[in-house]
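Peer 1: Fold the stuff below for me.
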Amino acid sequence: MERVRKAPDARLLGGWTVLSAKGNIKNATWPADAEEIVLSNAQKIRGVEMPSMALVVCKSGRVYSIAYAVREATKPKGIDFIPIDSWGPKDPILHGIYQFDGDTLKLCVSTAGTGRPKDFEESNERVVLVLQRSEIVRAIDLKGFQGESPKNDFRKPVKITDVEELSKVISDQTWRRRITAQVDFEKQHLLYFAWGGSGQDTLSFRVAKSSVVVFLHHGGVSADYREHFHLFAISKDATWSVESNVLPPVLEAKFQGRWKSEKIRARRRTARSRRQLLRCWRKFVSLALWQSIMGWNN
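Peer 2: Residues are numbered from 1 along each chain as shown. Have a look, this model is predicted:
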């Protein structure tokens with residue numbers, strides 16, 4: 001699994017809207033059904049190292065969490081999609097290639113077992129996707145930032161619509177310049193989350209529909225107190241909401257797999273206990289019959 005954790009091409013990161021998807025792939029329906037794709041880098045959540053992830057929102061309403069790895073040595077550059085939860089009977093690893101054209105990304109994915117595509121020609125065993133960068137929501141990097149002691153609830157982030165409002169929230173001039181360079185206030189506004197809680201608290205987001213962003217907060221269980229600061233640039237046309245005590249999609253899929261494994265082990269333990277009980281019952285019956293026979297003989 002080490003290959004999955006390789007840091008991807010930074011240009012891939014962020015949200016993408018699928019403009020077109022042509023072709024078909026056996027054993028995997030998501031490439032042809034994809035509507036929105038959000039690519040994130042590898043990260044460490046609650047002490048667990050998580051791979052680079054692709055969150056795929058389909059037209060059918062299904063949402064897939066898929067690990068991916070970049071192959072920069074191939075020409076064109078390659079990309080592999082590795083399932084972490086079942087989307088089909090065989091859970092295939094899909095091999096593909098990609099290339100950029102400004103804010104447009106072209107992606108070609110082939111059927112598992114047919115090898116990596118050499119070009120972007122569509123066929124019955126490939127899906128060619130054309131994606132355009134989506135600016136619905138984007139996380140602003142606040143690594144190293146230390147704001148004032150949080151006073152607001154994470155359920156009620158501060159909405160920042162211009163530079164003047166930003167100066168009221170972020171007093172450090174260096175950080176204001178850095179943030180201003182990453183946001184277009186004519187098309188976007190900022191959401192500033194600040195709260196104090198467990199060091200294991202996490203905040204992520206998913207795009208529920210084309211213009212609906214859901215922020216997912218999951219409270220940690222450790223006793224250490226830490227201050228958390230998160231900043232997101234979100235489109236003015238988008239609507240948003242905050243949900244609490246929700247696992248990030250990556251962990252949700254991971255823990256769901258663990259739950260399935262534990263359920264199988266529990267069934268095996270139950271079956272083993274039944275077999276042991278049956279053996280004891282047989283021994284008891286055999287002993288009772290033997291004692292009856294001996295009694296008759298006497």
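Peer 1: Please count neighbours and contacts with C-alpha atoms only from this point.
Peer 2: Noted.
Peer 1: where exactly do the helices run in the stretch 101-250 of the chain?
Peer 2: 163-169, 173-180, 249-297 (DSSP state H, counting those that start in this stretch).
Peer 1: Please tell me I have it right and Q99 contacts P76.
Peer 2: Yes: contact criterion CA atoms under 8 Å: Q99 and P76 qualify, at 7.0 Å.
Peer 1: Mutual contacts of these two, please.
Peer 2: Residues touching both Q99 and P76 (CA atoms under 8 Å, 6 or more residues apart in numbering): there are none.
Peer 1: Pull up the gap between the closest residue to T180 other than its chain neighbours and S20, please.
Peer 2: Nearest non-adjacent residue to T180, counting by CA to CA, 6 or more residues apart in numbering: V163, 7.3 Å away. Distance of V163 to S20, given as CA to CA, to the nearest Å: 37 Å.
Peer 1: and what of I79?
Peer 2: 19 Å.
Peer 1: Between the two, tell me which one has more neighbours.
Peer 2: Using other CA atoms under 10 Å, the more surrounded residue of I79 and S20 is I79, with 22 against 16.
Peer 1: in the stretch 51-200 of the chain, which spans are strands?
Peer 2: Taking DSSP state E, counting those that start in this stretch as the test, the strands found in the stretch 51-200 of the chain are 53-58, 63-71, 78-83, 94-101, 104-110, 126-134, 137-140, 158-160, 188-198.
Peer 1: CA atoms of the fifth one as PDB?
Peer 2: These are the backbone C-alpha positions of strand 104-110, laid out as PDB (Å, rounded to 0.1, in the frame of the first residue of the first chain):
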ATOM      1  CA  THR A 104      -9.200  21.300 -18.200                       C
ATOM      2  CA  LEU A 105      -8.100  17.800 -17.300                       C
ATOM      3  CA  LYS A 106      -8.400  14.900 -19.700                       C
ATOM      4  CA  LEU A 107      -8.500  11.400 -18.100                       C
ATOM      5  CA  CYS A 108      -8.600   8.000 -19.800                       C
ATOM      6  CA  VAL A 109      -9.300   4.900 -17.700                       C
ATOM      7  CA  SER A 110      -9.200   1.400 -19.000                       C
END
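Peer 1: Low-confidence bits of the chain, can you list those?
Peer 2: Low-confidence segments of the chain (pLDDT under 70): 1-8, 43-50, 85-91, 135, 152, 208-210, 246-266, 294-298.
Peer 1: Apply 50 and report the result again.
Peer 2: Confidence mapping of the chain against pLDDT under 50 gives the ranges 1-7, 87-89, 250, 252-256, 258-259.
Peer 1: Domain map for it?
Peer 2: 2-134, 137-246 (automatic domain parsing).
Peer 1: Distance to R268 added to those domains, as a markdown table?
Peer 2: Below are the domains of the chain laid out as a markdown table (distance: least, CA to CA, whole Å):
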| stretch | distance to R268 |
| --- | --- |
| domain 2-134 | 21 |
| domain 137-246 | 30 |
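Peer 1: wait, which of those domains is closest to S286?
Peer 2: domain 2-134 (46.4 Å; CA to CA).
Peer 1: just how off-centre is the closest one within its chain?
Peer 2: How far domain 2-134 lies from its chain's middle: 13 Å, per CA atoms, centre = their mean, to the nearest Å.
Peer 1: who touches S244 in this structure?
Peer 2: Here S244 is in contact with R155, L216, H217, H218, G219 (CA under 8 Å, 6+ apart).
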